[in-house]
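>>> Just the structure for this:
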Amino acid sequence: GVEARLAWMRCAHPYAQPTTAHAATTPTRADLSAVRTPMVFVHSLAEILAPLSAGTPLLLLPPRATARPDDLAAALGTWRATRLLLVPTALRMLVDALRALPPRTRLPHLRLLCVSGEPLPHRLCDAARAMLPHVTLLNMYGSTECAGDVACLAMPPESPIGDDGLCPIGQPIGGNDVRI
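Just a heads-up that it's a prediction; the model follows:
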């Protein structure tokens with residue numbers, strides 16, 4: 001259930017904690033996890049509880065930013081969000097909004113993009129990775145009946161993609177079994 005999903009995210013994709021500069025290191029910035037899913041959807045549980053359980057701050061996006069892709073891109077960029085969860089429909093709109101921006105301003109701080117809630121077409125995945133080549137994309141699969149995501153395919157920036165059709169759902173996560 002939800003507990004397994006939260007533990008899996010903390011382990012498989014750890015939240016960055018801030019560090020201070022020392023002679024041999026460069027300081028790092030903590031993650032900032034954007035929250036845009038309405039509380040009536042099961043994905044809001046993981047979107048809110050996973051970062052909080054790791055001590056990571058949340059960016060609570062205003063309704064306008066969740067309704068308009070250009071406002072979403074602006075808010076994510078202004079606040080330097082590092083993590084985001086979207087359904088493919090919202091991802092398509094965000095990708096279209098990012099096309100209007102210069103490449104260096106296309107959410108340079110975003111590191112992890114979770115996509116869930118609908119099947120993810122390969123072409124949309126390719127388009128998102130073209131706009132956000134520095135981001136690891138997670139195609140997550142689950143349902144409301146199982147309290148959220150139960151499988152995931154991680155696609156780091158350097159991994160190959162390019163098939164027609166839908167992206168695979170990946171492997172079971174955190175103590176789950178997937179039977180098709």
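>>> then stretch 76-94 to CSV, C-alphas only?
In CSV, the C-alpha atoms belonging to stretch 76-94 read as follows (Å, rounded to 0.1, in the frame of the first residue of the first chain):
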residue,chain,number,x,y,z
LEU,A,76,8.4,25.4,-11.2
GLY,A,77,11.2,27.5,-12.7
THR,A,78,10.9,30.4,-10.3
TRP,A,79,10.8,28.1,-7.2
ARG,A,80,13.5,25.8,-8.6
ALA,A,81,11.4,22.6,-8.1
THR,A,82,13.4,19.4,-8.4
ARG,A,83,10.6,16.8,-8.3
LEU,A,84,7.2,16.7,-10.0
LEU,A,85,4.4,14.2,-10.6
LEU,A,86,2.1,14.6,-13.6
VAL,A,87,-0.5,12.6,-15.6
PRO,A,88,0.5,12.2,-19.3
THR,A,89,-2.3,14.7,-20.3
ALA,A,90,-0.7,17.4,-18.1
LEU,A,91,2.8,16.4,-19.3
ARG,A,92,1.8,16.9,-22.9
MET,A,93,0.6,20.4,-22.1
LEU,A,94,3.8,21.2,-20.1
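>>> quick one: it to chain centroid distance?
7 Å (CA atoms, centre = their mean, to the nearest Å).
>>> Show residues contacting that stretch.
15-16, 29, 31-34, 36-37, 43, 46-47, 51, 56, 59, 69, 72-73, 75, 105, 107-121, 124, 127-128 (CB atoms under 8 Å, 6 or more residues apart in numbering). Bear in mind the C-beta positions are built from the backbone N, C-alpha and C, glycine included.
>>> Only the buried residues of it, if you could.
Within stretch 76-94, the residues that count as buried by 16 or more other CB atoms under 10 Å are 76-77, 81-86, 88, 90-94.
>>> the helices in the protein, which residues?
All helices of the chain, identified by DSSP state H, fall at 2-12, 43-53, 63-67, 69-79, 88-99, 122-131.
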